[in-house]
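Engineer: Here you go, sequence then predicted model.
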Amino acid sequence: MLPQETIRRKRAGEPLAPEEIARFVSGITDGSVSEGQVAAFAMAVWFKGMAREETVALTLAMRDSGDVLDWSGIDRPIADKHSTGGVGDNVSLMLAPIAAACGLAVPMISGRGLGHTGGTLDKLESIPGYAIMPPADLFRRTVRDVGCAIIGQTADLAPADKRIYAIRDVTATVDSVPLITASILSKKLAAGLRSLVLDVKVGNGAFMAEAPEAETLARSLVEVANGAGVKTAALITDMNQPLADAAGNAVEVANCIAFLKGEKAGTRLQRIVLAFAAEMLVLSGLETDLAAAQAKAGRALSSGAAAETFGRMVHAIGGPADFVEKADAYLAPAPVVRPVLASAAGYLSACDTRGVGLAVIELGGGRSRPGDGIDHRVGFDRLRPLGTKVEKGEEIGRVHAAGQADAARAAERLSGLYRITPEAPAAAPEIRARISA
Ligand code: URA
């Protein structure tokens, strides 16, 4: 079928057969389908949507546009997590080694910051020597010997997604549930997973601000991933404040090390990380019960096994052998660190979380244009959670900046991003819903 006929049929709302979708995607990959045709197809999907079977077919065709990793010979279940992105969301850094210490193999293909959200790769690049694009055999060896490796997407993985995404980005067609679903899952499926857990963020620091949108995306991801043969569940989690008490790059790695050393017990971050670890263990079949799985993940953390696994992963991928022990000596400090003070007495009752992400970018910790360099040293830490009672002038966080002027600007900005009220806010659960097949 000619590409223009596929576009016409989708524009008319007719269902596309899997072979027709596969042919169109193969034309995207080999360049025979033009940029204009990809844009027209994306816009037709944006308006007419796709049935589940069509989204599964699109996902599989995009997965098969490049290499599909094969983990045969590794006798651990292959599992992963994907987040739709947030602020202070460094869950992957701790979750991968916890899951690996519990017996899973986690080949985690991560991304850079997108919009106001941080990216796992940018955070890992704060670690001297950590090579986010290792050769394929080193990636494989690290997953086999250590149990986890977090790296970037190679050009050979789902190349059709790369082309479609770049065109969607400039044709107002990013926010289409079937297109987001196929984009995220094609890359995850190409990583050769057997099970997957999805962290769909909702709130003022997420791409999906409202619960119904987040739930629609979560259902689509869960149904399509299961339809494509990967056991998948999603947790919808709160993003109405930074998740970790840090937002930036080196500061989030420092937060991860403190977490792995047991210094973040009782936090929202720990509850979320352990909930995801439990989901991974149950979905992969290593455990049958979520409570028992969570207890196992907790032991991997408290015994130091997860910290040791993280250290081995960092070293295997080019970082220092003693990074966990001496992270402070390896993470470059910002020239200026200053407190951010509460503007009034009362309770921290709301946070403009997207604003926090944008403030990190303004400090130089994120990009305003693709390909920009970033300053890994800058950001915020010691952020107090919502519900904290503060006095006027009390520290509610710290800013790490390249210079005094930036620090002063960011401190004032952060202070204005928190609302302080005389009454304590209602407690918001960090996990809003669980969506499974
Ligand atoms: N992340 C992706 O990888 N693809 C999308 O379409 C949106 C977010």
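Structural biologist: Good, I have the coordinates. The structure displayed is predicted, hence computed values, not measured ones.
Engineer: From here on, just use CA atoms for contacts and neighbour counts.
Structural biologist: Will do.
Engineer: Stretch 50-58 and the ligand, are they touching?
Structural biologist: No - counting by CA under 6 Å from any ligand atom, the ligand has no neighbours in stretch 50-58; the shortest distance is 12.8 Å.
Engineer: The residue in the stretch 151-300 of the chain positioned nearest to the ligand: which element?
Structural biologist: Using CA to the nearest ligand atom, residue 180 is the residue of the stretch 151-300 of the chain that sits closest to the ligand, at 3.5 Å. Using DSSP states H and E, residue 180 falls within helix 177-190.
Engineer: what does residue 201 give?
Structural biologist: Using DSSP H and E, residue 201 sits within strand 195-202.
Engineer: between that strand and helix 177-190, how big is the angle?
Structural biologist: Interaxial angle, strand 195-202 versus helix 177-190 (axes from the mean of the first three to the mean of the last three CA atoms, to 10 degrees): 140 degrees.
Engineer: Figure out how far the helix or strand that strand 195-202 is followed by is from the centre of its chain.
Structural biologist: Next in sequence after strand 195-202, counting helices and strands by DSSP H and E, comes helix 211-227. Relative to the centre of its chain, helix 211-227 is centred 16 Å away, using CA atoms, centre = their mean, to the nearest Å.
Engineer: next one: stretch 366-373
Structural biologist: Chain-centre distance of stretch 366-373: 18 Å, with CA atoms, centre = their mean.
Engineer: Show me which parts of it are buried, residue by residue.
Structural biologist: 366, 367 (16 or more other CA atoms under 10 Å).
Engineer: Take it, keep the C-alpha atoms, and write them as PDB.
Structural biologist: Backbone C-alpha positions of stretch 366-373 (Å, rounded to 0.1, in the frame of the first residue of the first chain) are rendered in PDB as follows:
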ATOM      1  CA  GLY A 366      19.400  21.500  32.100                       C
ATOM      2  CA  ARG A 367      19.200  22.500  28.500                       C
ATOM      3  CA  SER A 368      17.200  25.100  26.700                       C
ATOM      4  CA  ARG A 369      18.300  23.700  23.300                       C
ATOM      5  CA  PRO A 370      19.100  20.100  22.300                       C
ATOM      6  CA  GLY A 371      22.800  19.500  22.400                       C
ATOM      7  CA  ASP A 372      23.600  22.300  25.000                       C
ATOM      8  CA  GLY A 373      26.200  21.400  27.600                       C
END
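Engineer: what sits up against stretch 267-286?
Structural biologist: 77-81, 91, 94-95, 98-99, 102-104, 194-197, 231-233, 243-244, 259, 264, 287-294, 297-298, 430-431 (CA atoms under 8 Å, 6 or more residues apart in numbering).
Engineer: same check, this time on stretch 350-361
Structural biologist: With CA under 8 Å, 6+ apart, stretch 350-361 has contacts from 87, 116-118, 204-206, 239-242, 247-248, 366-368, 378-380, 386, 410, 413-414, 417-420, 425.
Engineer: Stretch 203-222 now?
Structural biologist: With CA under 8 Å, 6+ apart, stretch 203-222 has contacts from 52, 84-87, 117, 177-178, 181, 185, 198, 200-202, 232-236, 238-242, 352-355, 357, 435-437.
Engineer: Can you list which of the residues you listed are found in helices?
Structural biologist: Using DSSP state H, the members of the contacts of stretch 203-222 that fall in helices are 52, 177, 178, 181, 185, 353, 354, 355, 357.
Engineer: my guess is the third one meets residue 55, correct?
Structural biologist: Yes - under the criterion of CA atoms under 8 Å, residue 178 lies in contact with residue 55, with a separation of 5.8 Å.
Engineer: Settle it for me: which of these two has more neighbours?
Structural biologist: Just comparing residue 178 and residue 55: by other CA atoms under 10 Å the higher neighbour count belongs to residue 55, 28 against 25.
Engineer: Name the helix or strand for that one, please.
Structural biologist: Residue-wise, residue 55 maps onto helix 52-63 under DSSP H and E.
Engineer: correct me, but residue 331 touches residue 129?
Structural biologist: No - the pair residue 331 / residue 129 is not scored as a contact, 11.3 Å apart, by CA under 8 Å.
Engineer: who has more neighbours, these two?
Structural biologist: Applying other CA under 10 Å to residue 331 and residue 129 shows that residue 331 carries more neighbours, namely 19 against 14.
Engineer: tell me the contacts of the more buried one?
Structural biologist: So residue 331 contacts 126, 127, 128, 250, 254, 377 (CA under 8 Å, 6+ apart).
Engineer: how close does the third one sit to the ligand?
Structural biologist: As defined by CA to the nearest ligand atom, to the nearest Å, residue 128 lies at a distance of 27 Å from the ligand.
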